[in-house]
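S.K.: how would this look folded up:
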Amino acid sequence: MLAGADLERDGIVAYRILDIRALVAREFGVDYSHGAMHHLLHAIGCSWLVPRPRHPKGDAEAQDEFKKNSRKWSMSSPTNIPASR
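M.R.: Presented below is the predicted three-dimensional model:
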């Protein structure tokens, strides 16, 4: 479970507290509230990190080429911005 969810094994792509509570209740017969489960997960070092989704038909080479050749869209900020009073 600490390695993350697996679509084939778990039927989900990312664990939510709701999913973890159900798993713990099923496996260990213990019912945690949402807040208690959040506290427990935080205490054992779990975090909300979720990998950025990737489109299955995405072309990494085309995306890299676009990044290299596209013009800069935003203007740079001025180095000194006077404080307002």
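
S.K.: give the other helices and strands that the longest helix seen in the chain contacts.
M.R.: Secondary structure of the chain per DSSP state H: the longest helix is helix 17-28. Where contact means 3 or more Cβ pairs under 8 Å, 6 or more residues apart in numbering; DSSP states H and E, helix 17-28 is packed against helix 34-43. Bear in mind the C-beta positions are built from the backbone N, C-alpha and C, glycine included.

S.K.: run the angle between the helix it packs on and helix 17-28 for me.
M.R.: 80 degrees (axes from the mean of the first three to the mean of the last three Cα atoms, to 10 degrees).

S.K.: for helix 34-43, buried residues please.
M.R.: For helix 34-43, the neighbour count (16 or more other Cβ atoms under 10 Å) marks 37, 41 as buried.

S.K.: how far does it sit from the chain's center?
M.R.: Distance, stretch centre to chain centre, for helix 34-43: 17 Å (Cα atoms, centre = their mean, to the nearest Å).
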